[in-house]
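Undergrad: Have a look; sequence and predicted model below, questions after that.
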Amino acid sequence: MDMYHANHPNGDYQVVNKVQVLDPPRAIGWLTGQEKGDGHLEFGGWIWRYDLAPLGPSETNDLVHG
């Protein structure tokens, strides 16, 4: 995934993601990582998760955990 952060040394950078939680339609969570120079993926660091709560027939509220 292409990313951008003003405080990152290059501004633009890439991450890989690995789904850890998939509970439709209530939650999704993923672990971020990076591709190493030899092509292997290394995960660790942040786990991001969205827990979704229904607000009505066509609305949800997201509770972000990071």
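TA: Nice, thanks for sending it over. Quantities reported herein were computed from a predicted structural model and do not represent experimental measurements.

Undergrad: C-alpha from now on. contacts and neighbour counts both.
TA: Noted.

Undergrad: So for stretch 10-28, what gets flagged as buried?
TA: By neighbour count with 16 or more other Cα atoms under 10 Å, stretch 10-28 contains the buried residues 17, 28.

Undergrad: Quick one: mean pLDDT over it.
TA: Mean per-residue pLDDT for stretch 10-28: 92.

Undergrad: if we look at it, which residues are touching it?
TA: If you take Cα atoms under 8 Å, 6 or more residues apart in numbering as the criterion, stretch 10-28 is touched by 1-5, 29-35, 41, 43, 49-53.

Undergrad: mind saving the C-alpha coords of that stretch as PDB?
TA: C-alpha atoms of stretch 10-28 as PDB (Å, rounded to 0.1, in the frame of the first residue of the first chain):
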ATOM      1  CA  ASN A  10      11.000  10.400   2.300                       C
ATOM      2  CA  GLY A  11       7.400  11.500   2.700                       C
ATOM      3  CA  ASP A  12       6.200   8.600   0.500                       C
ATOM      4  CA  TYR A  13       6.600   5.000   1.600                       C
ATOM      5  CA  GLN A  14       5.100   1.600   1.200                       C
ATOM      6  CA  VAL A  15       3.700  -0.900   3.700                       C
ATOM      7  CA  VAL A  16       2.200  -4.400   3.500                       C
ATOM      8  CA  ASN A  17      -0.800  -5.500   5.500                       C
ATOM      9  CA  LYS A  18      -1.900  -8.800   6.900                       C
ATOM     10  CA  VAL A  19      -5.500  -9.200   8.000                       C
ATOM     11  CA  GLN A  20      -5.800 -10.400  11.600                       C
ATOM     12  CA  VAL A  21      -9.500  -9.900  12.300                       C
ATOM     13  CA  LEU A  22     -12.300 -10.300   9.800                       C
ATOM     14  CA  ASP A  23     -15.800 -10.400  11.400                       C
ATOM     15  CA  PRO A  24     -18.200  -8.900   8.900                       C
ATOM     16  CA  PRO A  25     -20.000  -6.700   9.400                       C
ATOM     17  CA  ARG A  26     -18.600  -5.900  12.900                       C
ATOM     18  CA  ALA A  27     -14.800  -5.700  12.700                       C
ATOM     19  CA  ILE A  28     -11.700  -5.700  10.600                       C
END
